[in-house]
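Participant: Please find the sequence and the predicted model below.
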Amino acid sequence: DIELLAPHTLGPLEHELSPYRYSFTPPGASFVRSVRTAGVLKPIATDSQGRPVCGFRRLEAALEAGLPVVPVCRAPDPRAALIAGFWENLGHRSFTLLEKAFALKRLSETCGIEQKTLIEVFLPALDLPPKKSFLRKYLKVASLPQEVLDKEIRTGLKDGHLLLLCEVPREAAPLLAQLF
């Protein structure tokens, strides 16, 4: 069943509060214009508590466009919806390094996908070598201190800097990030 709900009632949108979010790229101006003109055409999937599972960029575009309501469907299995959303997003856009890291973290922690499957199926899908060392490295990136992640989201760190920051002691990462 599809419901029409006020977009501001759905959340959280912040990646640190959501067990589902892995996207960090904001909706582009043309997407916001499209949503303002035509509305949200595909329902936003939520879990039973109303937390978005898929459709974060659609929801952000709706908020920015000032829509009073958006279509929402409650996912009977949020983990399956998250996995389906991953494959759908992968089919039409590229992921940043941070998005790849958080996608792997969400697939592992939220969906319970085993390490072997992450390595053999999901790493190659993300154009990464199917190696345990790469999975470890990307999961470390997703576990960087919040201050470092916020800097990456606000200003964008180079991929090499993010990978370097996950190799230094956790308490040193925010200080080192200020140099980049």
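Facilitator: Here it is on my side, so go on.
Participant: Of all the residues in the helix or strand of the chain with the lowest mean pLDDT, which ones are buried?
Facilitator: None of the helices or strands of the chain scores lower by mean pLDDT, DSSP states H and E than helix 146-155, at a mean of 86. Under the neighbour-count criterion of 16 or more other CB atoms under 10 Å, helix 146-155 has 148-149, 151-153 buried. In short, each C-beta sits where N, CA and C put it, glycine included.
Participant: which residues of the chain score low on pLDDT?
Facilitator: Residue ranges of the chain with pLDDT under 70: none are present.
Participant: By residue count, which helix of it is the longest?
Facilitator: Across the chain, the longest stretch assigned as helix under DSSP state H is helix 78-92.
Participant: how about the residue nearest to the spatial centre of the chain, secondary structure?
Facilitator: The residue lying closest to the centre of the chain (CA atoms, centre = their mean) is Y22, at 1.3 Å. Three-state call for Y22 (DSSP: H, G, I helix; E, B strand; the rest coil): coil.
Participant: go on, R36?
Facilitator: Assignment for R36 (three-state DSSP): helix.
Participant: That one - nearest residue in space that isn't next to it in sequence?
Facilitator: A65 (3.8 Å; CB to CB, 6 or more residues apart in numbering).
Participant: Give the burial count for the one you found, as a bare number.
Facilitator: 19 (other CB atoms under 10 Å).
Participant: and it, what is it in contact with?
Facilitator: Applying CB atoms under 8 Å, 6 or more residues apart in numbering to A65 gives the contacts 32-33, 35-36.
Participant: Show me what secondary structure element comes after the least confident helix or strand of the chain.
Facilitator: helix 159-165 (DSSP states H and E).
Participant: next SSE after the longest helix of the chain?
Facilitator: Sequence-wise, the next helix or strand downstream of helix 78-92 (DSSP H and E) is helix 97-109.
Participant: What residues sit buried inside that next one?
Facilitator: Quick answer for helix 97-109 (16+ other CB under 10 Å): 97-108.
Participant: before we move on, the earlier item: so which of the buried residues of helix 146-155 comes closest to P26?
Facilitator: Taking CB to CB as the measure, P26 sits nearest to I153 out of the buried residues of helix 146-155, at 9.4 Å.
Participant: about what we covered before: just the buried residues from the contacts of A65, in ChimeraX please.
Facilitator: Restricted to buried positions by 16+ other CB under 10 Å, the ChimeraX selection for those reads:
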select :32,35
